[in-house]
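Participant: A predicted structure for the sequence below; I have some questions about it.
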Amino acid sequence: MVHDPLGPLRPARTGEQVAHRLATAIALGEFTLGDRLPSERDLATLLQVSRESVRAALRLLAGSGLVETRRGRGGGAFVRAEWGEVSESAVRGALLDRWEEFEQLFDYRRLVEAMIARTAAERATGADRDAVRRALAGFDGAATPAEAREFDVALHQAVARATGNPRLVRLHERLLSEVSLGVSAEPYTWAIYEEARPHHHALADAITAGDGDAAARIAERHFAITEVAVRRLADRVGRPEPERPAL
């Protein structure tokens, strides 16, 4: 079994570790300028830490200028900047210290998501195909990257459910959580939206047509989008080149 590099955090320095994960998620574009972060309760559940650790993390991020906390109705922690003084050390701690495990995760995710897409195309019912098309229509009409992200999640959940196997649905959700550092939100900018859109249409067409081979090929390419974003961020802070065998 592949070890989960992004599982529950250890008690020591948990607030700092949560801050590193959130700062890296912001740097990746999982949360963009003006976005409200999940609530303290939701973050504690997602990251399997105490709310006290989440509060400590948010204080660190606010002190560095990455987020601001607003009180009252509609309040919460909001992204104020995409990169700050803590970002480089955060990315190093969240990504580079575990880079070999991320390489395994990227490979695992591409293989699994291709299998899920193939199975969905082979098993999808009329109701499943309708659910995929509804999510696709929502994605096409998204007004903001955050809204596009919501429909992206809905579309891929619809594809996973079309397999008819709840274990595959849970596996899809787990892989999303792992690659997004536990916060279950993939990077989403307008550039990523434009890159993902033709993939989504082609995937929906393949599932509607019952073409498992095409669905698998499309899914493997599509789920590399987040991988590329993570690699670019790691390169920004000096990801080491892979070792080459001696000649």
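Facilitator: Thanks, I have the structure now.

Participant: going forward, measure contacts and count neighbours with C-alpha atoms only.
Facilitator: Noted.

Participant: Name the SS class of the residue nearest to L95 when sequence neighbours are not counted, please.
Facilitator: With C-alpha to C-alpha, 6 or more residues apart in numbering as the measure, A234 is the residue that lies nearest to L95, at 6.8 Å, once sequence neighbours are left out. Three-state secondary structure (criterion: DSSP: H, G, I helix; E, B strand; the rest coil) places A234 in helix.

Participant: Show me which helix or strand of the protein is least confident by mean pLDDT.
Facilitator: For the chain, using mean pLDDT, DSSP states H and E, the weakest element among its helices and strands is helix 87-94, scoring a mean of 88.

Participant: Summarise which helices and strands that one is packed against.
Facilitator: Based on contacts counted as 3 or more C-alpha pairs under 8 Å, 6 or more residues apart in numbering; DSSP states H and E, the elements that helix 87-94 packs against are helix 14-28, helix 224-236.

Participant: give the contact list for the residue nearest to L95.
Facilitator: Applying C-alpha atoms under 8 Å, 6 or more residues apart in numbering to A234 gives the contacts V91, R92, L95, L96.

Participant: Report pLDDT for it.
Facilitator: In this model, A234 is scored at 91, pLDDT.

Participant: sec struct for the residue nearest the centre of the chain, please.
Facilitator: A centroid search over the chain (C-alpha atoms, centre = their mean) returns E186, at 2.8 Å, as the residue closest to the centre. On the three-state scheme (three-state DSSP), E186 is labelled coil.

Participant: In contact with it, which residues?
Facilitator: Contact criterion C-alpha under 8 Å, 6+ apart gives G29, E30, R149, L176, V179, S180, T226 as the residues in contact with E186.

Participant: correct me, but the second one touches L181?
Facilitator: Think E30. No. Between E30 and L181 there is no contact under C-alpha atoms under 8 Å: 9.7 Å.

Participant: how does the chain divide into domains?
Facilitator: The chain breaks down into these domains under automatic domain parsing: 14-93, 98-236.

Participant: rank the ones you listed by pLDDT, which is bottom?
Facilitator: Comparing the domains of the chain by mean pLDDT, the weakest confidence falls on domain 14-93, with a mean of 90.
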